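Colleague: Generate a structure from the sequence data that follows.
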Amino acid sequence: MLSVIYLFLVFLACVFGLLSGNSAAVGAAALSGAREGVTLTLGVAGTICLWSALQKLMAAAGLTKFVTAAFRPILISLFPHAGRDSQASGHIAENFCANLLGLGSAATPPGIAAVRRMRELSGSDRATDEMCRFVVLNTASIQLIPATVAAVRAEAGAQAPLDILPAVWLSSAVSVAAGLGAARLLAGLRHD
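Modeller: Have a look, this model is predicted:
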């Protein structure tokens with residue numbers, strides 16, 4: 001659907017460029033935008049590779065197991081069934097670590113594995129309260145180091161790409177609290 005919308009917007013830009021006599025400007029803007037898009041992608045890719053490699057090293061060194069053990073009381077309180085399962089809690093902890101480092105794309109595979117394991121544990125194809133709570137936490141995600149956003153800001157020329165840390169920490173905490181509150185409220189309404 002997004003590709004259809006994008007194609008429609010490009011078509012409109014070309015039509016209005018022709019009608020207004022600015023077709024050369026539309027063509028130049030398209031080429032300039034494509035060049036800047038590639039430059040931005042390559043710049044951000046390096047940072048994402050760095051932090052993803054750090055995450056893989058943490059897993060290989062056993063730090064993910066340490067983080068899982070450290071998070072176990074929180075995991076059990078948030079996910080009473082899945083938090084007690086070593087496989088599910090390992091995937092959840094890996095997802096949380098990636099989100100703490102601001103690596104949303106690296107958080108996706110362990111997130112999918114965690115939900116699959118939660119589904120196996122529940123024995124149902126319906127979303128459980130734990131699955132919904134996990135999706136809320138994954139989406140809201142508390143970020144200690146917003147690596148992807150910092151990479152985009154650095155590539156865009158920001159002098160101090162991490163000067164947004166206090167705002168990121170505050171907004172992350174508020175979004176997680178609001179998300180958990182909404183999940184609790186909606187779970188209560190569903191069970192009534």
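Colleague: shaky segments in the protein?
Modeller: 47, 51, 191-192 (pLDDT under 70).
Colleague: how about a cut-off of 50?
Modeller: Residue ranges of the chain with pLDDT under 50: none are present.
Colleague: ok now the longest helix seen in it, how far from the chain's centre?
Modeller: Longest helix of the chain, by residue count under DSSP state H: helix 23-60. Remark: helix 23-60 is offset 17 Å from the chain centroid, using CA atoms, centre = their mean, to the nearest Å.
Colleague: any idea where the strands of this structure begin and end?
Modeller: Assigned by DSSP state E, the chain shows no strands.
Colleague: Residue most distant from the centroid, it?
Modeller: Distance to the chain centre peaks in the chain at residue 21, reaching 42.0 Å (criterion: CA atoms, centre = their mean).
Colleague: Can you spell out which helices and strands pack onto the longest helix of the chain?
Modeller: helix 2-20, helix 86-100, helix 104-122, helix 147-155 (3 or more CB pairs under 8 Å, 6 or more residues apart in numbering; DSSP states H and E). Every residue, glycine included, has its C-beta placed from N, CA and C.
Colleague: before we move on, back to that, ok, the residue farthest from the centre of the chain - contacts?
Modeller: The contact partners of residue 21, by CB atoms under 8 Å, 6 or more residues apart in numbering, come to none.
Colleague: returning to that earlier point: of the helices and strands packed on helix 23-60, flag the one that's most buried.
Modeller: Most buried of those, by mean neighbour count (mean count of other CB atoms under 10 Å): helix 86-100, with a mean of 22.
Colleague: Done for today, thanks.
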